[in-house]
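1. okay, here's the prediction I keep looking at, along with the sequence it came from:
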Amino acid sequence: MRYVALDVHRDFCEVAIVERVAIVGRNGAGKSSLDRAVAGMVAAAEGRIVWDGEDITALPPNARVKRGIALAPEGRRVFRDLTVTDSLLGGGSTLPASKMSARIDEIYAIFPRLRERVKQPASQLSGGEAQMLAIGQALMTSPRLIMLDEPSFGLAPVVVRRLLDIIRELASTGLSVLLLEQSVRLATELADAVYVVDGGELRFAGDAASGIDHEAIQAVYLGAATTA
């Protein structure tokens, strides 16, 4: 079993990532700061980040990628001027050249829609296609943990439903998923465990299999909860 240990301000949270874990919070609650800190894109202001028993707090992003951590950041950040294929090549820059083609084929198997758009610039993709490409870029590194930051934002319900199905399929292969969402409904539908953050602090933790206390989560969103 793998662990991501997160020291959120003074509240220590050891998250056992078996399949799917959701971090939920309002806009500005600290979700994106958390995943960027885990990915090494920003320095942790305090506390530590532990992966597979190793303190990786001081490691640079490329070292974390090599350890199996990938991030699909919020805002569907893709290489807008590159074609779909070239974008995936960029996402897989740490892969040996001998494995690049096979990995791209695997991504196209996960997202058949992208195979139909191989020569299109990313800037011409729909919102759902761009989100698929952003996740595909992260998957190019063959991670053991993928962090998905607001994957449903701005997408039509039918597209969100398809993305959720894909995330479930990925988790079923043994890939650990850390989902960061504003939507409590989506988080509780997808995740095995849900953690709520507010103001950079852990406010609520619940096991989805045992039932989530939606009133407690609502209290956090309304600013009426105390630290869990």
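-> Received, thanks. Worth saying up front: this structure is predicted, and the values here are computed from it rather than measured.
2. which residues of this structure score low on pLDDT?
-> Along the chain, the parts satisfying pLDDT under 70 run over 1-19, 75-76, 208-228.
3. buried set for the helix or strand hosting residue 109?
-> Per DSSP states H and E, residue 109 falls inside helix 97-110. Counting neighbours by 16 or more other CB atoms under 10 Å, one finds that the buried residues in helix 97-110 are 103, 104, 107, 108. Backbone N, C-alpha and C define where each C-beta goes, glycine included.
4. out of these, flag the one nearest to residue 181.
-> Set against residue 181, the nearest of the buried residues of helix 97-110 by CB to CB is residue 107 (22.9 Å).
5. what about the nearest residue to that closest one once chain neighbours are set aside, how many neighbours?
-> Leaving aside its chain neighbours, residue 107 sits nearest to residue 136 (4.4 Å; criterion: CB to CB, 6 or more residues apart in numbering). Per other CB atoms under 10 Å, the neighbour tally for residue 136 reads 24.
6. could you check how far residue 136 is from residue 112?
-> Applying CB to CB, to the nearest Å, the value for residue 136 to residue 112 is 11 Å.
7. ditto for residue 162
-> 11 Å.
8. quick one, which of the two is more surrounded?
-> Taking neighbours as other CB under 10 Å, residue 162 and residue 112 compare with residue 162 leading, 16 against 9.
9. and the more buried one, helix, strand or coil?
-> helix (DSSP: H, G, I helix; E, B strand; the rest coil).
10. residue contacts, it?
-> residue 128 (CB atoms under 8 Å, 6 or more residues apart in numbering).
11. immediately after the helix or strand containing residue 188, which helix or strand?
-> In this assignment (DSSP H and E), residue 188 forms part of helix 184-190. Counting by DSSP H and E, the next helix or strand C-terminal to helix 184-190 is strand 193-198.
12. for stretch 122-130, buried residues please.
-> Of the residues in stretch 122-130, 122, 125, 128, 129, 130 count as buried by neighbour count, 16+ other CB under 10 Å.
13. name the residues that touch it?
-> By CB under 8 Å, 6+ apart, stretch 122-130 touches 76, 78-84, 87, 113-114, 117, 133, 154-156, 159, 162-163.
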